[in-house]
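Visitor: 3D model of this:
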Amino acid sequence: MARITLISPESATAEVKEIYEKALRGKPGNAQKALAHRPEMLKNFLTFYASVGRSLDRKLYELIYLRVSLINGCHYCTQHHVASSKRVGLTADDWSALQVGDYSRYGEKERAALTYVDKLTRTPHDITDGDFAPLSQHFSEPEIVDIHLLTGLANLTNRFTDPLGLELEFTEEKI
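Guide: As a prediction, this is how the structure comes out:
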């Protein structure tokens, strides 16, 4: 159960209702309903969220978001990205592999990103030139910036959703 009141469309201010209708097609999730306590933040967050990771292949985007959420044990974000990962062809085998940190099923480029993201999430201050080198071999600088921002975004949402007790809006998928 949520630890704060979630702002429903019926109880939202006119400003929040407009954001719900225009940006979320009238279907805000629980994370957006929590963010609605800060309408300016909700509006800016939705824009920011939509812009992060755009230089990356969508499958890699989902791999990264899922891996970070699994490392952090974030149920809400993991479930949301399990659902969206199906649209890019990820399967239960992918989710299981990501859960245990087994990247052997992926190509060299994906393995480089996932290995780096793992360290960036767990021990960011321990990143070395040796850790960074594989990224430079496979990704452009704009893509490297997106990998960092996406990892940070996933860590942010992981620290917002589960700790606030946000519940899923749909049936859970077993991993």
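Visitor: do you know how far C74 is from L168?
Guide: The gap separating C74 from L168 is 12 Å, by CB to CB, to the nearest Å. From N, CA and C alone the C-beta is placed, and that goes for glycine too.
Visitor: for those two, indicate the residue with more neighbours.
Guide: C74 (22 against 15; other CB atoms under 10 Å).
Visitor: OK, contacts around the closest residue to the more buried one other than its chain neighbours?
Guide: The shortest distance from C74 to any non-neighbouring residue, by CB to CB, 6 or more residues apart in numbering, is to N158 (3.7 Å). N158 makes contact with V68, S69, N72, C74, C77 under the criterion CB atoms under 8 Å, 6 or more residues apart in numbering.
Visitor: columns distance to K109 and pLDDT on top of the residues you listed, output as a markdown table?
Guide: Shown next, in a markdown table, are these (distance: CB to CB, whole Å; pLDDT from 0 to 100):
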| residue | distance to K109 | pLDDT |
| --- | --- | --- |
| V68 | 18 | 98 |
| S69 | 21 | 98 |
| N72 | 24 | 98 |
| C74 | 25 | 98 |
| C77 | 24 | 98 |
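Visitor: quick check, nearest of those to G29?
Guide: C77 (11.1 Å; CB to CB).
Visitor: the host helix or strand of that closest one packs against which elements?
Guide: Using DSSP states H and E, C77 falls within helix 75-85. With contacts taken as 3 or more CB pairs under 8 Å, 6 or more residues apart in numbering; DSSP states H and E, helix 75-85 sits against helix 58-72, helix 92-100, helix 141-158.
Visitor: okay, the ones you listed, which one's buried deepest?
Guide: Across the helices and strands packed on helix 75-85, the average number of neighbours (mean count of other CB atoms under 10 Å) peaks for helix 58-72, which reaches a mean of 23.
Visitor: by how many degrees do that helix and helix 92-100 diverge?
Guide: Angle between the axes of helix 58-72 and helix 92-100 is 40 degrees (criterion: axes from the mean of the first three to the mean of the last three CA atoms, to 10 degrees).
Visitor: and for helix 58-72, what are the contacting residues?
Guide: 53, 56, 77-78, 81-82, 84-85, 88-90, 94-95, 98-99, 101, 106, 109-110, 113-114, 117-118, 121-122, 147, 150-151, 153-155, 157-159.
Visitor: quick one: contacts for L168?
Guide: N30, H75, Y76, Q79, H80 are the contacts of L168 under CB under 8 Å, 6+ apart.
Visitor: from what I see, the third one and A2 are in contact.
Guide: No: applying CB atoms under 8 Å as the test, Y76 and A2 come out as separate, 10.6 Å apart.
Visitor: of those two, which one has the most company?
Guide: Y76 (23 against 13).
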